[in-house]
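S.K.: need coordinates for the following:
(one chain, ligands or ions: 1)
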Amino acid sequence: MAAHAPVAIVGGGLTGLAVAQHLHAAGVPFRLFDARDRLGGRIRTEHLGTDGFDLGPSWFWPGQPRMAALVQALGLEVFEQYATGALLYETEQGGVIRDRGMSSMQGSLRVKGGMGAIVSGLAAGLPKGSPETGRTVVSVSDAGVLGFADGGSFEADKIVLAMPPRIVAGLGFVPVLTSEVDAALRDIPTWMAGHAKCVAVYDVPFWRHDGLSGDVMSRRGPMVEIHDASAGDRGALFGFLGVPVAQRAGQGDTVAQACVAQLTHLFGPEAAKPVAVFYTDWAEELHTAVPRDQDPLTHHPAYGRPVSLRAPLGARIFLASTELAPEMGGFLEGALAAADEAARWVLAR
Ligand SMILES: Cc1cc2nc3c(=O)[nH]c(=O)nc-3n(C[C@H](O)[C@H](O)[C@H](O)COP(=O)(O)OP(=O)(O)OC[C@H]3O[C@@H](n4cnc5c(N)ncnc54)[C@H](O)[C@@H]3O)c2cc1C
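M.R.: Next comes the predicted model:
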């Protein structure tokens with residue numbers, strides 16, 4: 001007989017973890033399964049000592065009350081994005097223009113230890129063993145049975161699929177989804193799934209001493225938008241890649257080297273010797289991106305639940321991810337809003 005719990009949550013990104021937090025607070029037993037060997041999903045933080053460097057989200061913003069309340073409840077320290085000094089423009093030909101332009105990310109908020117501190121904080125508050133990693137769900141039936149890639153199964157009275165809609169569409173559904181629901185899931189782009197991010201860490205934020213904020217807008221690349229990502233006493237610069245997905249596929253080391261070369265061109269020889277370089281291409285992450293996400297979005301879509309996804313899938317299955325959030329879809333705040341909605345659905349029945 002398959003193991004059983006009143007509630008199964010599939011996905012241990014911010015949405016799934018926040019649903020788990022709500023259920024735990026309400027005394028509802030649950031199990032949470034994530035395919036990766038770590039929790040956090042699109043939140044991914046690399047560490048040097050206690051300093052955290054974000055390869056996924058870096059910021060939240062004033063006016064996002066759930067994020068503000070969560071970091072406060074977890075006792076995390078929040079600080080403003082470094083935005084003092086001049087911005088650099090890099091032209092297509094590699095010319096570097098120094099400008100006193102405003103920092104586009106001024107006023108954005110970062111979390112000490114990186115966004116991963118939120119993931120660890122949430123996980124630490126859950127019953128031991130309830131979030132399980134390395135558990136890839138491949139099928140779900142409206143009788144409440146989850147099937148795993150290793151052939152195992154799990155039964156639950158209610159299931160929350162806390163995954164991006166396009167990833168949900170890749171599961172085997174019993175009975176099969178209607179073509180309308182399937183198309184609606186596949187039409188919702190996964191926020192930032194086509195992007196890649198590189199972080200170079202230095203002993204000190206030397207650019208600040210030259211009156212530079214660390215912000216760069218580049219028409220040449222490989223990074224097209226660069227910001228200060230310093231943590232603790234260490235300096236760090238991170239950038240979003242502008243290289244097309246197909247061109248960077250499987251080329252992580254080469255791309256990372258090209259990023260350091262670009263930083264050296266922009267900020268001088270001190271940038272040539274980072275103490276660490278971290279790189280993540282989200283388009284290569286099977287549990288985040290599908291081939292349709294390979295064209296990175298150039299604007300933030302108007303997310304929300306389309307009409308055909310407004311009713312739960314069958315009596316037992318509820319969809320929740322930042323892309324389906326009632327507000328702030330795409331953002332971390334949206335993931336928390338989606339989790340609120342999913343928890344209300346579970347607890348109302
Ligand atoms: C590079 C980048 C930068 C970003 N910057 C910002 C920012 O600065 N501010 C901001 O607010 N937002 C930002 N975002 C968006 C933010 O990361 C997302 O809004 C948020 O993390 C989404 O959380 P989620 O739980 O809804 O989805 P996800 O984090 O995608 O979680 C889904 C989970 O489901 C799991 N899963 C997938 N398939 C299966 C399966 N078959 N079986 C079991 N588990 C499965 C995954 O492993 C994952 O853990 C950024 C994202 C990226 C990638």
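S.K.: which bits of the stretch 151-300 of the chain sit near the ligand?
M.R.: Contacts of the stretch 151-300 of the chain with the ligand, taken as Cβ under 6 Å from any ligand atom, map to 162, 163, 164, 167, 191, 192, 195, 197, 282, 287, 288. Glycine gets a C-beta too; all of them are placed from N, C-alpha and C.
S.K.: buried only: go through the residues you listed for me.
M.R.: Among these, those classed as buried by neighbour count (16 or more other Cβ atoms under 10 Å) are 162, 163, 164, 167, 191, 192, 195, 197, 282, 287, 288.
S.K.: dump the residues you listed into TSV; add pLDDT, secondary structure and distance to residue 142 as well.
M.R.: As requested, these are arranged in TSV below (pLDDT from 0 to 100; DSSP: H, G, I helix; E, B strand; the rest coil; distance: Cβ to Cβ, whole Å):
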residue	pLDDT	secondary structure	distance to residue 142
162	98	coil	18
163	98	coil	17
164	98	coil	21
167	98	helix	19
191	97	coil	28
192	96	coil	31
195	96	coil	34
197	98	strand	38
282	97	helix	31
287	98	coil	23
288	98	coil	26
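S.K.: pick out the residue closest to the middle of the chain.
M.R.: residue 42 (2.5 Å; Cα atoms, centre = their mean).
S.K.: isn't that one right up against residue 54?
M.R.: No: counting by Cβ atoms under 8 Å, residue 42 sits too far from residue 54 to count as a contact (10.3 Å).
S.K.: just confirm the residue nearest to the centre of the chain is within a helix.
M.R.: No: looking at residue 42 with DSSP: H, G, I helix; E, B strand; the rest coil, it is coil, so not inside a helix.
S.K.: state the distance from it to the ligand.
M.R.: Taking Cβ to the nearest ligand atom, to the nearest Å as the measure, residue 42 falls 3 Å from the ligand.
S.K.: who's in contact with that residue?
M.R.: Residues in contact with residue 42 (Cβ atoms under 8 Å, 6 or more residues apart in numbering) are 13, 14, 56, 57, 192, 282, 288.
S.K.: go again with 6 Å.
M.R.: By Cβ atoms under 6 Å, 6 or more residues apart in numbering, residue 42 lies in contact with residue 56.
S.K.: any idea of the pLDDT on it?
M.R.: Per-residue confidence (pLDDT) for residue 42: 98.
S.K.: so how far is residue 159 from it?
M.R.: Using Cβ to Cβ, to the nearest Å, we find residue 42 at a distance of 21 Å from residue 159.
S.K.: got the residues of the stretch 1-150 of the chain near the ligand?
M.R.: Near the ligand, when you scan the stretch 1-150 of the chain using Cβ under 6 Å from any ligand atom, you find 10-16, 33-36, 41-43, 56-60, 136-137.
S.K.: buried among those? Need that as a selection in PyMOL.
M.R.: Only the buried entries of these go into this PyMOL selection, using 16+ other Cβ under 10 Å:
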select buried, resi 10+11+12+13+14+15+16+33+34+35+36+41+42+43+56+57+58+59+60+137
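S.K.: in strands, which of the residues of the stretch 1-150 of the chain next to the ligand fall?
M.R.: The members of these that map onto strands under DSSP state E are 10, 33, 137.
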